[in-house]
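Visitor: mind folding the following:
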Amino acid sequence: MNPEPISMLDPAGNYTAAPKLLLDLDSANSIGLYSDMIMARTVDSEAIALQRQGELGLWPSLLGQEAAQIGAAHALDTRDVVFPTYREHGVAWCRGVNPVDLLGLFRGTTLGGWDPTANNFNLYTLVIGAQTLHAVGYAMGIVRDGDVGTGDPARDRAVLVFLGDGALSEGETNEAFVWAAAQNLPVVFFCQNNQWAISAPYSVQSKVPVADRAHGFGFQGVRVDGNDVFACLAATREALAAARAGQGPTLIEALTYRRNPHTTSDDDGRYRSQAENDAWVALDPIERLRLYLESTGQLTEQVAEDVSEQSRALAETLRSGCRTLPVPEARSPFLNTYADLPTELEQQMNEHLDFVEAGE
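Guide: Predicted structure coming up:
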């Protein structure tokens, strides 16, 4: 029998403290959470529109998963490092990544890859589950640098890696779990269980809840309501604090739902019902936080207007920024493959450049 996920904020916006999770509401920055969730949805809706207009080749939507992403992101310290999948637009926003830069991967103007200057946020990983091993490898480095378990908050840090339920069926993810547990690494696995791995429901992937799988590898698992931003924040704060203190990994299952197709190239009507989707609309994470903020008097007309204006400005920035992303040079794929370009590849590059020049 699947246990009910831990929740603090119900769909009607009523807050109830959860015995298994501690959260100081004064430290939660509820308006900040709400604003960031709105901005995440703005990035998502504008990117979908740009894809439909032919400006992007593809876009993976996060609609319905805003609370999971923003709650987890607000738990991070500056020195913590994030390894996302390809759908963590809200986390990128919270880490200060320019959302226009996110569009480049889907416009074909960047190859992605590791950028150590990107606010400790690794650029998107398209290979399902691969980022879990990247995260574990980085966590090994943190241990070897002595930046865990010192008790110094300015030094101790951890890794937060995001994955979907589909990644649990990948060998890389299970290998990452083994290494994280065996070496007691400072890494938190945050699984947004949106219940569909493209067209495969979670029921065909596992007989137990996501969080329960952690116990088989020897570390803690916790299951929270992924549409409750407070529960996601509290669980991630606790897990990251434990990781920084040298207490090892945690697997967080944020039970949520992907309300849009897997990507803009997917037709989700072929494998799930509209009624199922409609049921989750009533559990909208932004709406439940809005109701809470209104009931507590925090969401004033002025605050609401400020958030709306920020959303409008962001939408305009995305539209104009996308269309002005620089077209990469023809030589860039070659120059960014090896630190020292092999002679054979240099010859191929020159042949490619001659071909491109002849066609202009």
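
Visitor: which ones are touching residue 72?
Guide: Residues near residue 72 by CB atoms under 8 Å, 6 or more residues apart in numbering: 91, 160, 162, 190, 232, 233, 236, 252, 254. For the C-beta atoms, the positions are set from N, CA and C on the backbone; glycine is no exception.

Visitor: make it 10 Å
Guide: Going by CB atoms under 10 Å, 6 or more residues apart in numbering, residue 72 touches 82, 88, 90-91, 94, 160, 162, 188, 190, 192, 226, 229, 232-233, 235-237, 239-240, 252, 254.

Visitor: and what of residue 59?
Guide: Residue 59 neighbours (CB under 10 Å, 6+ apart): 43-44, 46-52, 86-87, 89, 102-103, 106-107, 260, 263-265.

Visitor: mind checking the SS state of it?
Guide: coil (DSSP: H, G, I helix; E, B strand; the rest coil).

Visitor: from residue 170, how far out is residue 31?
Guide: 38 Å (CB to CB, to the nearest Å).

Visitor: over to residue 274?
Guide: Taking CB to CB, one finds residue 274 at 30 Å from residue 170.

Visitor: so which of those two has more stuff around it?
Guide: Applying other CB atoms under 10 Å to residue 274 and residue 170 shows that residue 170 carries more neighbours, namely 18 against 9.

Visitor: with adjacent residues omitted, what lies nearest to the more buried one?
Guide: Spatial nearest neighbour of residue 170, chain neighbours left out: residue 129 (3.3 Å); criterion: CB to CB, 6 or more residues apart in numbering.

Visitor: next, that neighbour: phi, psi?
Guide: The phi and psi torsions at residue 129 (degrees, to the nearest 10) take the values phi 90, psi -10.

Visitor: touching, it and residue 162? I think so.
Guide: No: the pair residue 129 / residue 162 is not scored as a contact, 11.2 Å apart, by CB atoms under 10 Å.

Visitor: identify the residues contacting the residue nearest the centre of the chain.
Guide: Compute the mean C-alpha point of the chain, and by CA atoms, centre = their mean the closest residue is residue 88, 2.8 Å away. Residues near residue 88 by CB under 10 Å, 6+ apart: 40, 60, 62, 65, 68-69, 72-73, 82, 94-95, 97, 102, 121, 124-125, 131, 162, 190, 192.

Visitor: among those, which ones are buried?
Guide: 40, 60, 62, 65, 68-69, 72-73, 82, 94-95, 97, 102, 121, 124-125, 131, 162, 190, 192 (16 or more other CB atoms under 10 Å).

Visitor: quick one: which of these sit in helices?
Guide: Counted as lying in helices by DSSP state H, out of the buried ones among the contacts of residue 88, are 40, 68, 69, 72, 73, 94, 102, 131.

Visitor: list the contacts for the fifth one?
Guide: Residues near residue 73 by CB under 10 Å, 6+ apart: 33, 36, 40, 82, 88, 90-95, 121, 160, 162, 190, 232-233, 236.

Visitor: tell me how far it lies from residue 92.
Guide: The value you get for residue 73 to residue 92, if CB to CB is used, is 9 Å.

Visitor: joint contacts of the two?
Guide: Counting by CB under 10 Å, 6+ apart, the contacts common to residue 73 and residue 92 are 40, 82, 121.

Visitor: looking at the residues you listed, spot the one nearest residue 299.
Guide: Top of the list for closeness to residue 299, among these and by CB to CB, is residue 40 at 17.4 Å.

Visitor: look up how far residue 332 lies from the residue nearest to the closest one when sequence neighbours are not counted.
Guide: Excluding the flanking residues, the one nearest residue 40 by CB to CB, 6+ apart is residue 90, at 3.3 Å. Computed with CB to CB, the distance linking residue 90 and residue 332 is 29 Å.

Visitor: how about residue 342?
Guide: 17 Å.

Visitor: and what of residue 64?
Guide: According to CB to CB, residue 64 stands 36 Å off from residue 332.

Visitor: tell me which of these two has more neighbours.
Guide: residue 64 (25 against 14).

Visitor: check contacts around that one.
Guide: Contacts for residue 64 (CB under 10 Å, 6+ apart) come out as 41, 44, 192, 194, 226-227, 256-260, 277, 280-281, 283-286.

Visitor: mark which of those residues are part of strands, please.
Guide: When DSSP state E defines the strands, the subset of the contacts of residue 64 inside them is residue 192.

Visitor: in helices, which of the contacts of residue 64 fall?
Guide: 41, 44, 277, 280, 281, 285, 286.

Visitor: related to what we said a few turns ago, closest one of the shared contacts of residue 73 and residue 92 to residue 183?
Guide: residue 82 (20.1 Å).

Visitor: per-residue confidence for that closest one?
Guide: At residue 82, the pLDDT value in this model is 97.

Visitor: name the nearest residue to it, ignoring sequence neighbours.
Guide: residue 121 (4.8 Å).

Visitor: what sits against residue 65?
Guide: Residue 65 touches 40-41, 44, 87-90, 164, 192-194, 226-227, 254, 256-260, 285, counting by CB under 10 Å, 6+ apart.
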